[in-house]
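>>> Just to be clear, the model below is a prediction. Sequence and coordinates:
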Amino acid sequence: MSVRRRLTTATGAVLLTLAVAGCSGLGRSAVGTLSYETERELLVTVTSPSVNGCHKLAPSGVTRVENNTLVDIMLYPTRDCRGPSTYLATTLSDSIVPDTLPWRSYSVVH
């Protein structure tokens, strides 16, 4: 194998590694919108939310969520994504049951 061919192969391997690492970076976001209604009946829409970490919802709580992203989410009654959760698949919506705590945070399933 010639030196030039080895160099080309090595360069290609490095570029492929960087491309794969870039696709799994911290800046990834879910494609679509996540809409929710607060206890005060205010409608909020988030476009392309990040897939990383815990996301806080309205401080007063959320009573209805519509997931129009391409990923599933988990809804929590706490501000830190802990405690009992509700699974909400992509393209579905859900509302809290009367006399239950509203949702206050969510995380993306990935």
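Nice, thanks for sending it over.
>>> which stretches of this structure have low pLDDT?
Scanning the chain for pLDDT under 70 picks out 1-26.
>>> Now residue 47: closest residue in space, sequence neighbours ignored.
Excluding its sequence neighbours, the residue lying closest to residue 47 (C-beta to C-beta, 6 or more residues apart in numbering) is residue 33, at 5.3 Å. To be clear about C-beta, it is placed using only N, CA and C from the backbone, and glycine gets the same treatment.
>>> How about residue 57?
Spatial nearest neighbour of residue 57, excluding adjacent residues (C-beta to C-beta, 6+ apart): residue 104 at 5.4 Å.
>>> And for residue 54?
Per C-beta to C-beta, 6+ apart, closest to residue 54 is residue 81, 3.7 Å.
>>> burial of that neighbour, as a residue count?
Number of residues near residue 81 (other C-beta atoms under 10 Å) recorded here: 17.
>>> just the one 10 residues further on next, same as before
Counted with other C-beta under 10 Å, the neighbours of residue 91 add up to 12.
>>> ok, now which ones touch the residue nearest to it when sequence neighbours are not counted?
Closest residue in space to residue 91, ignoring its immediate chain neighbours: residue 68 at 6.3 Å, by C-beta to C-beta, 6+ apart. For residue 68, the contacting residues are 32, 33, 34, 35, 90, 91, by C-beta atoms under 8 Å, 6 or more residues apart in numbering.
>>> Hmm, residue 65 and the third one touching each other?
Spelled out, it's residue 34. Yes - between residue 34 and residue 65 there is a contact at 7.0 Å, judged by C-beta atoms under 8 Å.
>>> where do the contact lists of the two overlap?
Common neighbours of residue 34 and residue 65, using C-beta under 8 Å, 6+ apart, are 73, 106.
>>> sorry, back to before: going through the contacts of residue 68, which ones are buried?
For the contacts of residue 68, a burial check counting by 16 or more other C-beta atoms under 10 Å picks out 32, 34.
>>> Can you tell me which of the contacts of residue 68 is closest to residue 47?
Nearest to residue 47 among those, counting by C-beta to C-beta, is residue 33 at 5.3 Å.
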